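> sequence first, then the predicted structure, then my questions.
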Amino acid sequence: MKGAQAQPSFEALARMPDEELDVTLGAALVARDTYDDLDVPALVAELDALGSPLAPLAPDAKSAVTLRDRVVAVSERFTSVGFRGNTDDYYDPKNSLLPDVLARKTGIPITLSIVWCAMAKTAGLDARGIAFPGHFLVRVETEDAAAPIVVDPFTGGRILEAADATALLRRALGDGAQLHPSLFVAASSRATLVRLLTNLEATWAKRGDHARAFIAVDRIVTLVPDSARMLRERAALAMRLGANELARADLLRVIELEPQAPDIPHLQAHLAKLVATKATLH
């Protein structure tokens, strides 16, 4: 792949501190697992170019445009090039793959948020994702850190007021759910990529493509290697695919991480079966 040598591998990216981890590059590298000939630098450059007309709005330029006006300008640019939420086929895996999102101009909340944030950066905005329950959003920092501007790229980048956010929250958690400031905390770059991969895993699994689901979970474990929950998931998929040695190693690591977990006897039973299978094969 042309230019690949200049880019880190996913493993190298995962080892970076959160403050250095580039979400756009991470999303491109995730897509390379599906499209092994993907030109990652070209894809990142394509996304950068989408926001280039917004550069004159950046605060270091001679402009009196307010921050809220810049947010509106980003959303207008976002919709003018055709980006929209895929309400027709929400669970299509292509909605989670950045090259497809850029080519088809449609996706799910998290991928559209990645695109919106990249465009907003060109306009000089400090925009980051929010792992809002059931629906990824974007926060744009203001002078009052406790009062960010909240944007929903899935619906064209509209600015959400409290009533809009409450409706989204109750759709996900029920009629009694109440907004709390913690719901609007910016997601780390690592957490954003984990959520992207979690969505991708679910869509592959829903289609019965357990090999691709395994790759997505494996990437998550690369990002969060001490997540007992994800190690459990990788072990389960590994056993389904016949990768028994990896499954055994993951289960042993789970037991090491959570020796008092209530499912330990169940995991130990799986380990015994794996050992017995190995002995039979020998």
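Nice, I can see it. Everything numeric in this text was worked out from a predicted model, so none of it was measured.
> so how many other residues sit close to residue 208?
Summarising burial for residue 208: neighbours were counted as other CB atoms under 10 Å, giving 8. Glycine gets a C-beta too; all of them are placed from N, C-alpha and C.
> isn't there a helix covering it?
No - assigned with DSSP: H, G, I helix; E, B strand; the rest coil, residue 208 falls outside any helix and is coil.
> ok, now which ones touch it?
Residue 208 sits next to no residue when contact means CB atoms under 8 Å, 6 or more residues apart in numbering.
> again with the one 10 residues further on
The neighbourhood of residue 218, defined by CB under 8 Å, 6+ apart, consists of residue 234.
> where does the prediction get shaky in the stretch 101-250 of the chain?
Across the stretch 101-250 of the chain, no stretch falls below the confidence threshold (pLDDT under 70).
> again, 80 this time
When the per-residue scores of the stretch 101-250 of the chain are filtered using pLDDT under 80, the ranges that remain are 145-146.
> which residue ranges of it form strands?
106-107, 127-130, 137-140, 149-152, 158-160 (DSSP state E, counting those that start in this stretch).
> got a markdown table for those strands, with distance to residue 178 too?
As requested, the strands of the stretch 101-250 of the chain are arranged in a markdown table below (distance: least, CB to CB, whole Å):
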| stretch | distance to residue 178 |
| --- | --- |
| strand 106-107 | 29 |
| strand 127-130 | 17 |
| strand 137-140 | 17 |
| strand 149-152 | 16 |
| strand 158-160 | 16 |
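> quick one: those strands as CSV, columns for mean neighbour count and distance to residue 257 too.
Below are those laid out as CSV (neighbours: other CB atoms under 10 Å; distance: least, CB to CB, whole Å):
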stretch, mean neighbour count, distance to residue 257
strand 106-107, 24, 34
strand 127-130, 23, 27
strand 137-140, 24, 31
strand 149-152, 23, 35
strand 158-160, 16, 38
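> and these: which comes nearest residue 227?
The minimum distance between residue 227 and the strands of the stretch 101-250 of the chain falls on strand 127-130, with 19.3 Å, by CB to CB.
> quick one: list the elements packing against that closest one.
Contact partners of strand 127-130 among helices and strands, from 3 or more CB pairs under 8 Å, 6 or more residues apart in numbering; DSSP states H and E: helix 109-122, strand 137-140.
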